[in-house]
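Asks: generate a structure from the sequence data that follows.
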Amino acid sequence: MFARVTGAAMRGILVALMVATPSLLLPSYTSESPEMIALLAILAAVLTFAEYNTAFPSFIEFRDAPPLNRLRFVALFSMFLVLSLIALHRYEPSALTTLAAGLGGMIGYYTDFPYSPVHLVILMLPEDASVQLVDNVRIAAGVSYVIALLAILAFLFSLKVMGWPTHRGPFNVWVNLPLFDPTTGGDVVVRMQRDGKVNIIVGFLLPFIVPAVVKLAADYVNPIKLDDPQTLIWAISAWAFLPASMVMRGVAMARIAELIEEKRRRVYANAEAAQTA
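Replies: Numbering: from 1, shown residues only. A predicted model of the protein is given here:
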């Protein structure tokens, strides 16, 4: 009981710290709503604590199937941290921010090529965007997209090499997929395979589709102003993290479907062997 409460509290604190990272690192005058960020951090911490402190799952998937959620957390936290250090370099330069800005500039340069997601994000900016804004968006998009790709590769390594999710014991579908109802919609394996494919396809296409949608919608609604550093950090991180999270979920669903199918084959084989004997 004590270990569960302590673990839930630690997770809640880490999530709150992640949400507040841009506001904590950047000067206060760069944000117009620090109270909203503080409220969001507290809310995220409370929800995380409530979810992990109970034995009954509610909405967080793969709660007891590390390292999937840990990789998601590390990826998003890394985006917030690195982008905040890069933005801080413009206000309070230091050796650490100089290193982050230098690496970010190099990543942004090499990821900005024709038809790349980073290049499409730059194209969504208004035609009168300043050179400084274009550079900031290029760096933020390049860094976030690379971190997202590294998170996906790390999960694939865990799946292929470490044997996720069975490397830590049996996989409990009810605990790790609380929103998945196995009693509706036909065969469980077929549904999981379909959901996995849909998540992977949508996750792959979203970084390309979102900039085009934003560009088309700019004629009808006011686009997000990316001049504010914290708005830039949140918007670009969401653009890179959400598709990566969907791809990882799709791969996980496909893997679980494969495990269920393998278990069915073993059960059928044992039943046939028993009948033959």
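Asks: can you give me the buried ones in stretch 116-131?
Replies: 116-122, 124-125 (16 or more other CB atoms under 10 Å). Where C-beta positions appear, they are placed from N, C-alpha and C, glycine not excepted.
Asks: pLDDT of it, averaged?
Replies: Across stretch 116-131, the average pLDDT comes to 91.
Asks: what's in contact with that stretch?
Replies: Contact with stretch 116-131 is made by 108, 111-113, 133-134, 137-138, 141-142, 145, 207-208, 211-212, 214-215, 218, 223, 226, 236, 239, as judged by CB atoms under 8 Å, 6 or more residues apart in numbering.
Asks: neighbouring contacts of the helix or strand of the chain with the lowest mean pLDDT?
Replies: Using mean pLDDT, DSSP states H and E, the weakest-scoring helix or strand in the chain turns out to be helix 173-176, at a mean of 82. With contact meaning CB under 8 Å, 6+ apart, helix 173-176 is reached by 57, 61-65, 165, 180, 182, 256.
Asks: any of the contacts of stretch 116-131 buried? List them.
Replies: Among the contacts of stretch 116-131, those classed as buried by 16+ other CB under 10 Å are 108, 111-112, 133, 137-138, 141-142, 145, 207, 211, 214-215, 226, 236, 239.
Asks: for P114, phi and psi?
Replies: Main-chain dihedrals, P114, degrees, to the nearest 10: phi -50, psi 130.
Asks: count of neighbours near it?
Replies: Neighbourhood size, P114 [other CB atoms under 10 Å]: 6.
Asks: return the distance of it relative to I122.
Replies: 11 Å (CB to CB, to the nearest Å).
Asks: also R4?
Replies: The gap separating R4 from I122 is 46 Å, by CB to CB.
Asks: repeat for L179
Replies: Using CB to CB, L179 is found at 36 Å from I122.
Asks: now do R90
Replies: From R90 to I122 the distance is 19 Å (CB to CB).
Asks: so where's the stretch 151-277 of the chain uncertain?
Replies: 219, 222-223, 277 (pLDDT under 70).
Asks: ok, now with 80
Replies: Scanning the stretch 151-277 of the chain for pLDDT under 80 picks out 167-169, 181-186, 218-225, 267-277.
Asks: strands of that one, residue ranges please.
Replies: Remark: strands of the stretch 151-277 of the chain are absent; assignment by DSSP state E, counting those that start in this stretch.
Asks: point out where the stretch 1-150 of the chain drops to low pLDDT.
Replies: In the stretch 1-150 of the chain (pLDDT under 80), the answer is 1-3, 28-35, 55-58.
Asks: now the helices for it?
Replies: Counting by DSSP state H, counting those that start in this stretch, the stretch 1-150 of the chain has helices at residues 2-25, 34-52, 68-88, 95-111, 117-123, 131-160.
Asks: which elements pack onto the longest helix along the chain?
Replies: When the chain is parsed with DSSP state H, its longest helix is helix 229-276. Packing partners of helix 229-276 (3 or more CB pairs under 8 Å, 6 or more residues apart in numbering; DSSP states H and E): helix 2-25, helix 68-88, helix 131-160, helix 188-217.
Asks: and it, how far out from the chain middle?
Replies: Taking CA atoms, centre = their mean, to the nearest Å, one finds helix 229-276 lying 15 Å from the centre of the chain it belongs to.
Asks: hmm, back to that, just the buried ones among the contacts of stretch 116-131 now: which is nearest L81?
Replies: Nearest to L81 among these: I236, at 13.6 Å, using CB to CB.
Asks: counting neighbours, what do you get for I42?
Replies: 14.
Asks: quick one: contacts for the closest residue to it other than its chain neighbours?
Replies: Of all residues not flanking I42 in the chain, A16 sits nearest, at 6.5 Å (CB to CB, 6 or more residues apart in numbering). By CB under 8 Å, 6+ apart, the residues touching A16 are 41-42, 44-45.
Asks: recalculate using a threshold of 6 Å.
Replies: By CB atoms under 6 Å, 6 or more residues apart in numbering, the residues touching A16 are 41, 44-45.
Asks: L259 versus that one, what's the distance?
Replies: The gap separating A16 from L259 is 34 Å, by CB to CB.
Asks: try M79
Replies: With distances taken as CB to CB, M79 is found 31 Å from L259.
Asks: thought F80 was touching S23?
Replies: No: with contact defined as CB atoms under 6 Å, F80 does not reach S23; the gap is 10.0 Å.
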